[in-house]
Structures are given as structure tokens and as C-alpha cells.
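*Asks:* coords please:
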Amino acid sequence: MSTITFDTLKFANRLKAAGVPVAQAEAEAEVLAEALEVNLKELATKADLLAVKTELRQEMKLMEQRLIIKLGSLIALSIGIVAALVKLL
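*Replies:* Have a look, this model is predicted:
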């Protein structure tokens, strides 16, 4: 898994160059680095997406089988009802 690095020194130096006090620039750089680290850990990877995709495909196949069975049962029941009505009438 590739990681994204955040250059806190470069960020702090840019803030300092823009006139931000040194302590504030360094604190902002650290806080931003921590926030990015936490948020990047929760991102889905390609492997996560592939696992979900595989799981969904399996569930869809099961649902398809269940629907086919139910539809077949309904057709058989309908034929039985029509045959019974034909005999009665």
C-alpha cells in the first residue's frame, strides 16, 4: 500500500515566509499532519473495494437464485389454479 507523506517542514517554512509567527507555523504544520494521517487511514483501498465487489456479486447471485425459485413456484401455482378452474368450469 502506498503512503502519502506530508512535508511539515516545507509547510511550516511557507507559513513563516508568509509572515506567520514561527510557533504558530510549526503548530499548524503538526496539526495538519495529524489530521491527514488520521483521515488517510480510513480511506478505502483497491483491495477493500474488490472485496466488497466480490461479496456483492455473491449476494446478487444468491438473490437471483431465490427470485428464480419464487418465480418458478408462482408459475407452477398459476398453472395449477388455471387447470383446476378449467376442470370446474
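*Asks:* where is the longest helix in this protein?
*Replies:* helix 46-88 (DSSP state H).
*Asks:* now do that one: distance to the chain's middle.
*Replies:* The chain centroid and the centroid of helix 46-88 are separated by 26 Å under CA atoms, centre = their mean, to the nearest Å.
*Asks:* now could you export just the CA positions of the helix or strand bottoming out on mean pLDDT in the chain as PDB?
*Replies:* Averaged element by element with mean pLDDT, DSSP states H and E, the chain has its least confident helix or strand at helix 22-41 (a mean of 86). Extracted C-alpha coordinates of helix 22-41, given in PDB (Å, rounded to 0.1, in the frame of the first residue of the first chain):
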ATOM      1  CA  VAL A  22       7.300  30.600  14.000                       C
ATOM      2  CA  ALA A  23       5.500  28.800  16.800                       C
ATOM      3  CA  GLN A  24       2.100  29.100  15.100                       C
ATOM      4  CA  ALA A  25       3.500  27.900  11.800                       C
ATOM      5  CA  GLU A  26       5.000  24.800  13.400                       C
ATOM      6  CA  ALA A  27       1.900  24.100  15.400                       C
ATOM      7  CA  GLU A  28      -0.300  24.300  12.300                       C
ATOM      8  CA  ALA A  29       2.000  22.000  10.400                       C
ATOM      9  CA  GLU A  30       1.900  19.400  13.100                       C
ATOM     10  CA  VAL A  31      -1.900  19.600  13.500                       C
ATOM     11  CA  LEU A  32      -2.400  19.300   9.700                       C
ATOM     12  CA  ALA A  33      -0.100  16.300   9.500                       C
ATOM     13  CA  GLU A  34      -2.000  14.600  12.300                       C
ATOM     14  CA  ALA A  35      -5.300  15.300  10.700                       C
ATOM     15  CA  LEU A  36      -4.200  14.000   7.300                       C
ATOM     16  CA  GLU A  37      -2.700  10.900   8.900                       C
ATOM     17  CA  VAL A  38      -6.000  10.000  10.700                       C
ATOM     18  CA  ASN A  39      -8.100  10.700   7.600                       C
ATOM     19  CA  LEU A  40      -5.900   8.800   5.200                       C
ATOM     20  CA  LYS A  41      -6.000   5.700   7.400                       C
END
